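> Provided below for reference: sequence and predicted model.
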Amino acid sequence: MRRTITRGIAVIGAAALLALGTACSNEREGSGSTGKDTSDAKGGFAQDGLVGVALPAKTSENWVLAGDLFTNGLKDAGFKADVQYAGASTTVADQQAQISSMVTKGAKVIVIGATDAAQLSTQVAQAKQAGATVIAYDRLITNTKDVDYYIAFDNFKVGQLQGQALLDGMKAKKAKGPYTIELFSGSPDDNNSKVFFDGAMEVLKPAIDKGDIVVGSGQTDIKQTATQGWKAENAQSRMDSLLNSTYTGKKTLDGVLSPNDTLARAIITSVKGAGKPVPVVTGQDSEVESVKSIMAGEQYSTINKDTRKLVAETIKMVQSLQKGDKPTINDTKSYNNGSKVVPSYLLPPVIVTKENAAEAYANDPKLSPLTK
Amino acid sequence: MSSAPVLLEMRSITKTFPGVTALADVNLVVKEGEIHAICGENGAGKSTLMKVLSGVHPHGSYTGEIVYRGDTVRFHDIRASEQAGIVIIHQELALVPGMSITENIFLGNEPRKRGSIDWKAAQHRALELMEQVGLKEDPDTLVKDIGVGKQQLVEIAKAFAKDVKLLILDEPTAALNETDSQHLLDLLRGFRDRGITSIMISHKLNEIEAVADTITILRDGRTIESLDVEADGVNEDRIVRGMVGRELDSRFPDHTPDIGEVFFEVRDWTVRHPASDERLVCKGSTFTVRRGEIVGFAGLMGAGRTELAMSLFGRSYGTFLSGRVFKDGKEIHLKTVSEAIRQGLAYVSEDRKSIGLNLLDDIKTSMVAAKLSKISRHQVIDPVREHRIAEEYRQSLRIKTPGVDEEVVKLSGGNQQKVVLAKWMFTDPDLLILDEPTRGIDVGAKYEIYGIIQRLVGEGKGVIVISSELPELIGLCDRIYTVFEGAITGEVTRRDANPELLMKQMTSMKKTPSP
Amino acid sequence: MSRISDLQKNLFGGTASNARQFGMIATLVAIVLLFQIWTGGLTLTSGNLIAVVSQYSYILILAIGMLMVIVAGHIDLSVGSVAAFTGIVVAKTMQEHSLPWPLGILLGLLVGAAIGAWQGFWVAYVGVPAFIVTLAGMLLFRGGNQYIGNADTVPVPTGFRDIGAGFLPEVGPDTGYNNLTLLLGLLACAGVVWREWRARQTRRVMHADAAPLWVTGIRLAVMVGIIVFTTLRFAGGRVGTSFPISGIILIALVLAYSYYTRNTIGGRHIYAVGGNSRAAELSGVKLRRVNFLVMMNMSVLAALAGMIFVARSAASGPQDGLSWELDAIAAVFIGGAAVSGGLGTISGSIVGGLVMALLNNGLQLEGVGSDMVQIIKGLVLLLAVAFDVYSKSQGRFSIIGTLMRPFRQNETSTPVDPPNPASDQDKAPVAG
């Protein structure tokens, strides 16, 4: 009896001592525990350093693909990779926690595909202070000085291509205007949504002003056209109500500007549900279902932003950072995030329609069979 | 009778809970076709014994042996015991109020035809069963629309549907009025004649005396004795002696009333039923209470006594229509419970468990709950005073508990009732309204509660006692009002009170002039 | 009474609910140790502890209010939406009317109070079940957030960000630690010692047998040890970081609300209403007022949590507050509150919340994906409550029993007290 008590006290005492003992290791020096193994002064890091990749929730194939590519690509390049997706319902908070965890684990580079580009400044600052380099992937992180690089496809160009494709597609179907169209844009919390939309409108605006193109519902403001959370259901329900309010009689819909494939398919579903002929619908991301749809003649176009290329470029960037070199950038003035102009590397997007699909996806193992 | 074969024998049953021995070497022999009563104070082990028998406490959790119809049986759950024909009817009825009589009778036991319920057969069989228990109702009536007495019959019919051999009734008449109780007892006699064996647990000794063939008395988890009613010439006093282990000279403590002047008066109190516009639950009731006086309210179930009390106590029941209340000659207003408490009223509900106590609380928390301000400063409760006060009440009311930190749910009915009394004594009331203060309480505790009531009036408080037991009212009260259908029909002093007179007034609208 | 039972009875308080809490704390410690080993020591680094506190403080603040709502027998599903709505109102007002940030916080609390009054009105005075009222509120205020913010992300000024992302400043001599955090730890130690001393005094006044001195000693040693350890951790983080401001807000609220729920009339009334509302009403408790205040208080705390999150995120966005209600409710139930109301403690809920937080954090450190994290959290919630239900159906709180069993074998010779004839032991068996 007495022995067990003594034993108990000994255990508790030992635990307390252990606690106190470990507490003495202090993380105060310099930039913290993470800076310990900076062997070369130039700012490079060990070849097997940890690279964190924080991606949004798995809402589109693209993010899933990007995650896989990062996991394998970084491993092949000799890094330790920690690839995380945000949860489906708690996106922002999850991503914040994930980035913090990466910092704790001592990630040297953190690649972030932001869920809400404006709500990460605290975590990015934390990363920066811990000595990590922050790369904004695909979506620019705003309102912070602590983001180092931005890598993405040229999204303004994407918008322009979408606008042009819409015009071309409608002309091919019906030689003479005026054409009736509807506009959709992406999630308002995604910085890119506005860039796509502005790009497209740069092409469409002159035609609208001339009267060649009529926006049937009159909704041309980005706030009216927004699709919260890039969610298909939101686009579909907006399209449903547009059809019910504007296209009731004989009025036909010639084209729809859709910022991506998921939304494009939702829009087509809605139109088909209403028993109307499928209009010219643009898209983006080259999702499998949309490529099928294009080949079947329903969706008109998509954009090929080859995720492989983007991930490959990002990994290249990480590799130069590891060596302590300055990574390649090709744009130093376009992307102001509200606090600073972020040095960017932009990749050119490619428009894909039924005509050039085979060629565009020639070296994509998943998509090229679909185009035959 | 004594030559009848043994149906059930429970041999040296011992059941322990952590730290407590609930049953120690208990023996029970039930002969076929008899009515066997089990008596004992609360906590004597009656319910535990029945739970062991019915498999609620499965085989293996107790020691001892159960021999039923000649075989040793090991029930692992209720289903097993029911299959053997042993059906328990609990004090709290296990009926679904929103279902019809038929549906309730066959709940969990539905007659099936090709996978679906055969309602036609069920209906038919239900009528037969209802006939057997003397229930005259449309089998489609919802259970909530019939009275407690009839609900009890539905329960019994349900037991019959399971082909019962041994019917166990736990306090079957506790919630029933005189007539319904009588009917039920007659029914039991009828079952006996048809060869069905019953075990009955009851506190109502007169009923046991009237109906039982054999009585087994338990005390402190042990078998005290088994009495053959006819052969041993058993009467109530004999049973009481066995239960408490001593003779009770009197059921009521000695008390010399010291009655002062009228201090509380209610005039023309009229209250409407909460759900119905036409029904009045109090019809112009007028009554008075003197200092130091115990005033009884007699009436049948549903006569409106509880409704009167609760509507007075901060308008807690129904819709107030008219009436005035005077205390010490001044009119007072009792619109909310807190006002009523401030004016010195206290109401001890008839339903301890569902509206009288918070069963999650411990004893001390319960005791001070109605007047927290008395032990607080600047809204902050002083735990030391709380504890001290609870201790004082525990001692002065002789509440049997290891300590005031125990949860009230662990107390027996009598001790719970004492906690409720303490809770209201703590509010320093001038008038205590006690609604069925001894319901479901064993003889010993009843005696103590009567003593507490007498002590309270001794301090110059007024006490109103609402009770369905006429002997209790007659033995305890200085004056008794009778209530019938919401109206006060009579006023009888202690000197004139007898059951016949009260019963007459309780069942008629004619107001007999007070003597 | 043997020494072991002394220890068992007194080390963690002795009553059943304390035993339950002790079980929760044991779980928490187990989770911490598990992850500490699994992540190779990352869990208890300064940086990680600081991150955990600032990441989950707003959920824990919600859990405080939710505990009171659940104890009173209600539920609040709208907290996330209320937080998001308040966040956008405050952010937008500060941005467009250049409102100074302290006034912004005040405005946020007022918005919370107004929303709370609205919900409280429906629950308490109209009698619509809180589930419905707050389900409606969830939609209402989520929509309100998007309507006002145009589903846009609105940044907040730097001063405001401190309540979510700020730390105790560096002052005084260079000790190698953050001095204010050290001071805070010192205060906590003093507080613990003082409370222990007070508790002994109280028990002495009550003539109750106080715990033996050596038990008190061990208990104090354990608690002070934990406080010293955590203090040094928080004080020893990277320069510029220390104990987060949001954590200080949380601790202040926990202390205040624990005191309120335990020691005041108002607190007692909440438990009374949740335990048996009719009994409470007949004891003079103003049912409506209690319900109203509980719902209102929840919304005020939700507003505060919303602002802390916005401050930490530096901006208010349309996805703020998504499924926070679930985290808060889970914390409360893991912490031992009863679904039917009347039972539960603030400290239990905080421990419940911390279990979830550390689980989340540990899994993230291990690189477990958010899908698996959700699955594991779901299972933990289910198992925690199932365990609770199971122990209750067994009539005893077996956590402590299980833990103490190895010690108990030596104790069987101790005579058991004879049964108390008058208490209904057969209906509610008591643990020894």
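Nice, I can see it.
> contacts and neighbour counts: CA atoms only from here.
Noted.
> Check C:C189 and give its pLDDT.
We note a pLDDT of 94 for C:C189 in this prediction.
> In contact with it, which residues are there?
By C-alpha atoms under 8 Å, 6 or more residues apart in numbering or on different chains, the contact list for C:C189 reads C:224, C:227-228.
> Surely it is in a strand?
No - assessed with DSSP: H, G, I helix; E, B strand; the rest coil, C:C189 is helix; it does not lie in a strand.
> about what we covered before: looking at the contacts of C:C189, which is nearest chain B?
C:V224 (25.7 Å; C-alpha to the nearest C-alpha).
> ok, that closest one - how many residues close by?
20 (other C-alpha atoms under 10 Å in any protein chain shown).
> Over to C:G172?
If you count neighbours by other C-alpha under 10 Å, C:G172 ends up with 9.
> Thought C:N179 was touching it, still the case?
Yes - counting by C-alpha atoms under 8 Å, C:G172 touches C:N179, with 6.7 Å between them.
> domains of chain B?
As assigned by automatic domain parsing, chain B contains the domains B:6-244, B:262-506.
> average model confidence for the shortest one?
I take that to be domain B:6-244. 85.
> mind checking how far it is from the chain centre?
Mean-position distance between domain B:6-244 and its chain equals 17 Å (C-alpha atoms, centre = their mean, to the nearest Å).
> how close does the residue most central in space within chain C sit to C:M24?
Geometric centre of chain C, nearest residue: C:I350, 2.3 Å, by C-alpha atoms, centre = their mean. Separation of C:I350 from C:M24 (C-alpha to C-alpha, to the nearest Å): 10 Å.
> quick one: common contacting residues for the two?
C:G335.
> Could I get the domains of chain B in TSV, plus columns for distance to A:N192 and mean neighbour count?
As requested, the domains of chain B are exported to TSV (distance: least, C-alpha to C-alpha, whole Å; neighbours: other C-alpha atoms under 10 Å in any protein chain shown):
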stretch	distance to A:N192	mean neighbour count
domain B:6-244	59	19
domain B:262-506	57	20
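> Which of those domains sits closest to A:G249?
domain B:6-244 (52.0 Å; C-alpha to C-alpha).
> these two touch, right, A:A200 and A:A165?
No - look at A:A200 against A:A165 with C-alpha under 8 Å: they stay out of range, at 9.6 Å.
> Quickly list what's touching both of the two.
Joint contacts of A:A200 and A:A165 (C-alpha under 8 Å, 6+ apart) do not exist.
> Break chain A down into its structural domains.
A:38-147+A:307-347, A:155-305+A:352-371.
> Which of these sits closest to chain C?
Comparing the domains of chain A by C-alpha to the nearest C-alpha, domain A:38-147+A:307-347 comes nearest, at 4.4 Å.
> mean confidence score for the closest one?
Summarised as a single mean, pLDDT over domain A:38-147+A:307-347 is 87.
> In a helix, C:Y147, correct?
Yes - applying three-state DSSP, one finds C:Y147 inside a helix.
> measure it to chain B for me?
Going from C:Y147 to chain B by C-alpha to the nearest C-alpha, to the nearest Å gives 42 Å.
> ditto for C:L103
From C:L103 to chain B the distance is 30 Å (C-alpha to the nearest C-alpha).
> what number of residues lie near the closest residue to A:G177 other than its chain neighbours?
Closest residue in space to A:G177, ignoring its immediate chain neighbours: A:D212 at 5.6 Å, by C-alpha to C-alpha, 6 or more residues apart in numbering or on different chains. Per other C-alpha under 10 Å, the neighbour tally for A:D212 reads 14.
> roughly how far apart are A:D212 and A:Q160?
18 Å.
> thinking again about what came up before, got phi/psi on the residue nearest to A:G177?
Main-chain dihedrals, A:D212, degrees, to the nearest 10: phi -70, psi -30.
> wait, it sits on A:A175?
No - when contacts are counted by C-alpha under 8 Å, A:D212 is not listed as touching A:A175 (11.7 Å).
> So C:M223 versus B:C477, what's the distance?
C:M223 sits 60 Å away from B:C477, taking C-alpha to C-alpha as the criterion.
> ugh, wrong one, A:A66
87 Å.
> quick one, helices of the stretch 201-350 of chain C?
C:213-235, C:245-263, C:265-275, C:277-282, C:287-313, C:324-334, C:346-365 (DSSP state H, counting those that start in this stretch).
> is any part of the longest one close to chain B?
It stands for helix C:287-313. No - Helix C:287-313 lies apart from chain B when judged by C-alpha under 8 Å from any C-alpha of the partner chain; the minimum separation is 10.7 Å.
> Which other helices and strands does that helix contact?
When contacts are defined as 3 or more C-alpha pairs under 8 Å, 6 or more residues apart in numbering or on different chains; DSSP states H and E, helix C:287-313 packs onto helix A:121-129, helix C:46-71, helix C:79-96, helix C:101-120, helix C:158-165, helix C:265-275, helix C:277-282.
> okay, those helices in CSV with distance to B:L107 next?
Output for those, formatted as CSV (distance: least, C-alpha to C-alpha, whole Å):
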stretch, distance to B:L107
helix A:121-129, 60
helix C:46-71, 34
helix C:79-96, 42
helix C:101-120, 40
helix C:158-165, 57
helix C:265-275, 31
helix C:277-282, 31
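> B:I449 is nearest to which of those?
Set against B:I449 and scored by C-alpha to C-alpha, those come closest in helix C:277-282, at 21.2 Å.
> Which other helices and strands does that closest one contact?
helix C:265-275, helix C:287-313.
> Would you mind saying which of these lies nearest A:D94?
helix C:287-313 (11.9 Å).
> so how far is that closest one off the chain centroid?
The answer for helix C:287-313 is 14 Å, by C-alpha atoms, centre = their mean.
> Next one: the residue nearest the centre of chain A from A:N191, what distance?
Centre of chain A computed as the mean C-alpha position; nearest residue by C-alpha atoms, centre = their mean is A:D138, 4.5 Å away. Going from A:D138 to A:N191 by C-alpha to C-alpha gives 10 Å.
> Likewise for A:D94?
19 Å.
> Equivalent analysis for C:L49, please.
C:L49 is 32 Å from A:N191, by C-alpha to C-alpha.
> can you check B:I399 too?
For B:I399, the distance to A:N191 - C-alpha to C-alpha - is 72 Å.
> Alright, that wraps it up for me.
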